[in-house]
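K.L.:
Quick one: sequence and predicted model below, then my questions.
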Amino acid sequence: MRNLNYKHWIALVSIVLVVAWFGYDAMQSKRDDALVRDLMKAQQQRSDSETELSPVSEPPADMVVNWISDENIWFVGKYQDGGGVEIPFRPGESRQQSEDVAPRHENPGFVGPAECQECHQEKYQSFLATGHYKTSRPVNESTIDGSFQPGTNTFQTSDPNVSFEMIHQGDEFLQRTHFFDWSFDVPMDIIMGSSKMAQTYLYWHKDGLYQLNVTHITDGNQWINSPGYIDGDAAYARPIPQRCLECHMTYFDFRGKINHYTPGSMILGVTCERCHGPAKEHVEFHRENRDAREAVGITNPADLERLTQMEVCGQCHGGSRHLKGDALSFRPGDHLDDHYQPPDDELDVKNSVHTSNQLTRLSQSECFLQSQMTCIDCHDPHHNERGNQKLFSSRCMACHKSESDCGFFPHEGVEFAENCVDCHMPRRSTEKLRLKSVEGDVFPPLRDHLIRIDHEATKVHLAK
Ligand code: HEC
Ligand code: HEC
Ligand code: HEC
Ligand code: HEC
Ligand code: HEC
Ligand code: HEC
Ligand code: HEC
């Protein structure tokens, strides 16, 4: 017993210490440290007084079942083995469907993108193809990646006794964990990630939101452990905190506890109102005043002062900042410092998904320092422009005018006009973002926003 607890404790501490989900854990470290301490304490108390163990029908009798009351987590393990299962619902029972509960807070006026369609048809249509729109979505046949076909729908950990099966049943998608001779199902309710690099999955247990153990990565079309998860464990109790949703959703009603939300309140995707402000008043006014041509009750970021405009993007592209007060309180026109702690400089230089601070990196570029450049000189948030190097190069040419502005021009075999960015804003993968896959480690490359002369990148580009 003591031995198992010790191992489990090591596993928990490791979960926190491993450079986790795209560096996200670093942001969470303070809370997680406290969590681990509490878990340890709870574990200790549990093993000291066996009587507190709740009786369970399943799993098999040779497994150890611990209820960690502080965190509402069940732990299931086996002697002589390091692996374990963590779930927020009772082993042997299913998770409970989310309940239809009344919101805790009044919605400050977020109405969702569908409400814009009737008057901004074109913008609405093109926006549906963007990474922002797709960054959180309900799970269904057309949104979910990866194989659910027997033969290619499994993820085997290095422990032969622990594996996962991805199952499509009716309109339900679920992950089935096989842990020795015990198995259980967890549904996939919400997709996080537009599939550029990955999709990870969330599910509801009552009004709690948790991450599933298995993630899909686009590179190689593979099922893998969610980054930071321990190989050989089945962890289905990782809570999804507000800050995580704040960067990947438009609106949610927080119920006051770490990962508890009102299910019906959510507006998925990073949509119009995160950049334009809550639009209820705008929509109501223009529905009642069909002839009005002057916009009422809405912010156009183009009208904001330069740095203030960029802070709109900085809510989510400004590095790993902790919240100062309530999530979702930032409005276009506000300053980041009033809502978030300063970013962690050490994390910022790591250039991984959750730390590649475009706001800071761009601000250090000569282009930025010697012009009035903002994010929207290169990005139109209403269109999917992903991977369109030619288009991005044309945006450079708005200021640089001619290919011959490039000190490297002319050069045999280089299509200058078609691709400025691979030489001056190279995609760099980082050792800090390591995803373990069946075929080895994968490092999703990211675009560095420090625009510069880069001889290394030029060499790589010429070699292609
Ligand atoms: C009933 C019609 C109507 C609806 C619905 C509507 N708008 Fe508008 N919107 C307008 C009109 C009219 C204007 C002013 C003319 C223009 O700029 O197109 C406008 C302008 C805007 C502007 C530019 C403001 C400026 O100062 O330049 C933004 C941004 C905007 N709307 C966002 C939204 C968003 C986001 C939604 C959905 C949540 C939405 N609108 C829904 C009618 C509507
Ligand atoms: C500070 C804002 C922020 C927070 C907090 C945050 N994310 Fe992200 N996340 C981003 C941004 C921005 C990207 C895309 C970066 C890029 O494209 O370079 C991203 C990318 C991702 C991706 C990959 C998307 C893809 O299409 O490949 C996943 C999955 C993801 N985040 C999940 C999460 C989860 C789960 C959490 C909470 C534990 C979280 N994120 C917290 C901003 C954030
Ligand atoms: C990621 C931030 C972001 C999102 C999401 C976003 N916008 Fe915008 N929007 C901007 C910025 C920045 C501008 C000003 C620059 C420009 O015109 O592109 C703008 C300008 C506008 C304008 C006024 C300019 C024009 O061309 O008429 C309208 C209207 C508008 N957006 C509507 C929408 C609607 C509707 C959605 C959702 C379907 C949406 N926006 C989503 C950032 C965003
Ligand atoms: C509320 C959070 C949020 C805000 C505000 C926001 N973004 Fe994003 N952005 C994200 C997330 C999350 C992703 C990752 C989407 C994914 O791949 O899942 C992303 C992705 C992107 C991408 C990559 C798109 C792709 O498909 O490759 C660009 C470019 C981008 N954002 C630019 C901007 C700009 C410019 C602004 C300001 C006008 C802005 N964002 C505002 C959260 C945000
Ligand atoms: C808003 C205007 C603007 C845009 C857009 C712009 N630049 Fe610049 N850039 C400048 C200015 C101004 C300078 C400094 C003067 C110079 O070297 O021409 C500069 C400098 C540079 C330098 C020299 C940097 C150094 O450290 O010496 C490079 C390289 C560069 N730009 C590449 C690009 C590329 C690639 C793009 C497109 C991805 C781009 N720029 C987009 C304005 C811009
Ligand atoms: C094959 C790689 C490559 C491509 C493609 C490329 N550049 Fe360059 N660029 C370089 C190198 C290398 C230098 C430094 C040349 C030197 O030694 O002065 C440079 C220098 C520059 C400078 C600084 C010039 C100076 O004299 O300070 C600018 C501005 C620039 N490039 C802009 C661009 C733009 C705009 C494009 C796209 C039209 C582009 N580059 C395409 C490799 C490239
Ligand atoms: C000089 C042009 C330029 C400016 C200005 C610029 N970006 Fe980018 N950005 C790019 C290019 C080019 C890419 C690569 C796009 C692609 O390949 O799909 C990119 C990609 C991104 C991505 C996806 C990251 C990735 O690794 O693929 C995000 C997020 C982003 N930009 C956010 C921003 C934000 C926020 C700002 C303002 C602080 C900004 N960008 C300003 C040129 C620019």
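P.N.:
That came through, no problem. Ligands and ions are numbered 1, 2, ... in the order given.
K.L.:
ok, so what distance separates the residue in the stretch 51-200 of the chain positioned nearest to ligand 4 from ligand 1?
P.N.:
Proximity of the stretch 51-200 of the chain to ligand 4 (Cβ to the nearest ligand atom) peaks at Gly131, 2.8 Å away. Where C-beta positions appear, they are placed from N, C-alpha and C, glycine not excepted. Gly131 is 18 Å from ligand 1, where distance means Cβ to the nearest ligand atom, to the nearest Å.
K.L.:
Kindly report the same for Thr200.
P.N.:
28 Å.
K.L.:
Identify the residue nearest the residue of the stretch 51-200 of the chain closest to ligand 4 in space, chain neighbours excluded?
P.N.:
Ser194 (4.1 Å; Cβ to Cβ, 6 or more residues apart in numbering).
K.L.:
The one you found sits in which helix or strand?
P.N.:
Under DSSP states H and E, no helix or strand contains Ser194.
K.L.:
My understanding was that it contacts Leu128; is that so?
P.N.:
No - Ser194 is beyond contact range of Leu128, at 11.6 Å (criterion: Cβ atoms under 8 Å).
K.L.:
Among those two, which residue is more densely surrounded?
P.N.:
Ser194 (23 against 13; other Cβ atoms under 10 Å).
K.L.:
The more buried one: what's it in contact with?
P.N.:
Contact partners of Ser194, counting by Cβ atoms under 8 Å, 6 or more residues apart in numbering, are Thr130, Gly131, His132, Tyr133, Lys134, Thr135.
K.L.:
What about the closest residue to the third one other than its chain neighbours, how many residues nearby?
P.N.:
So that's His132. Spatial nearest neighbour of His132, chain neighbours left out: Val270 (4.1 Å); criterion: Cβ to Cβ, 6+ apart. Neighbour count of Val270, defined by other Cβ under 10 Å: 24.
K.L.:
what's the distance between Val270 and ligand 3?
P.N.:
Where ligand 3 is concerned, Val270 sits at a distance of 6 Å (Cβ to the nearest ligand atom).
K.L.:
residues touching that residue, list them.
P.N.:
Taking Cβ under 8 Å, 6+ apart as the definition, contacts of Val270 comprise His132, Tyr133, Thr135, Ser136, Cys247, His248, Met249, Thr250, Cys316.
K.L.:
Number of residues surrounding the closest residue to Thr262 other than its chain neighbours?
P.N.:
Closest residue to Thr262 apart from its sequence neighbours, by Cβ to Cβ, 6+ apart: Asp253 at 3.9 Å. Asp253 has 20 neighbours, counted by other Cβ under 10 Å.
K.L.:
Spell out which residues of the protein are next to ligand 6.
P.N.:
393, 396, 400, 403, 405-408, 414, 416-417, 419-420, 423-424, 453, 455, 458, 461-462 (Cβ under 6 Å from any ligand atom).
K.L.:
go with 8 Å
P.N.:
Neighbours of ligand 6 within the chain, by Cβ under 8 Å from any ligand atom: 393, 396-397, 400, 403, 405-409, 411, 414-417, 419-424, 453-455, 457-458, 461-462.
K.L.:
Out of the residues you listed, which end up buried?
P.N.:
393, 396, 403, 406, 414, 416, 419-424, 454, 457-458, 461 (16 or more other Cβ atoms under 10 Å).
K.L.:
Okay, and which of those map to helices?
P.N.:
Ser393, Cys396, Val421, Asp422, Cys423, His424, Ala457, Thr458, His461 (DSSP state H).
K.L.:
Between the residues you listed, which sits nearest ligand 4?
P.N.:
Using Cβ to the nearest ligand atom, these come closest to ligand 4 at Val421, 12.1 Å.
K.L.:
wait, the closest one sits on Arg395?
P.N.:
No - the pair Val421 / Arg395 is not scored as a contact, 9.3 Å apart, by Cβ under 8 Å.
K.L.:
Count the residues that sit near the closest residue to ligand 7 within the stretch 101-250 of the chain.
P.N.:
Proximity of the stretch 101-250 of the chain to ligand 7 (Cβ to the nearest ligand atom) peaks at Lys196, 7.3 Å away. Neighbour count of Lys196, defined by other Cβ under 10 Å: 14.
K.L.:
same check, this time on the one 10 residues further on
P.N.:
Summarising burial for Lys206: neighbours were counted as other Cβ under 10 Å, giving 16.
K.L.:
got it, and His282?
P.N.:
22.
K.L.:
all helices of the protein, in order?
P.N.:
2-17, 24-48, 121-127, 131-134, 242-248, 273-276, 280-288, 306-317, 345-348, 358-363, 366-369, 389-400, 421-424, 455-463.
K.L.:
Lowest average confidence across these, which one?
P.N.:
Lowest mean pLDDT within the helices of the chain: helix 2-17, at a mean of 36.
K.L.:
related to what we said a few turns ago, pull the contacting residues for the closest residue to the residue of the stretch 101-250 of the chain closest to ligand 7 other than its chain neighbours.
P.N.:
Nearest residue to Lys196 in three dimensions, chain neighbours excluded: Gly131, at 6.0 Å (Cβ to Cβ, 6+ apart). Applying Cβ under 8 Å, 6+ apart to Gly131 gives the contacts Ser194, Lys196, Asn384, Arg386.
K.L.:
Kindly recompute the last result at 7 Å.
P.N.:
Residues in contact with Gly131 (Cβ atoms under 7 Å, 6 or more residues apart in numbering) are Ser194, Lys196, Arg386.
K.L.:
Tell me how far the first one lies from ligand 2.
P.N.:
Using Cβ to the nearest ligand atom, one gets 4 Å for the distance from Ser194 to ligand 2.
K.L.:
Check the second one too.
P.N.:
Distance of Lys196 to ligand 2, computed by Cβ to the nearest ligand atom: 4 Å.
K.L.:
Buried among the contacts of Ser194? Need that as a selection in PyMOL.
P.N.:
To isolate the buried members of the contacts of Ser194 in PyMOL, using 16+ other Cβ under 10 Å:
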select buried, resi 130+132+133+134+135
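K.L.:
The contacts of Ser194: which two are farthest apart?
P.N.:
Thr130 and Thr135 (8.8 Å; Cβ to Cβ).
K.L.:
tell me the pLDDT at the residue nearest to His132?
P.N.:
98.
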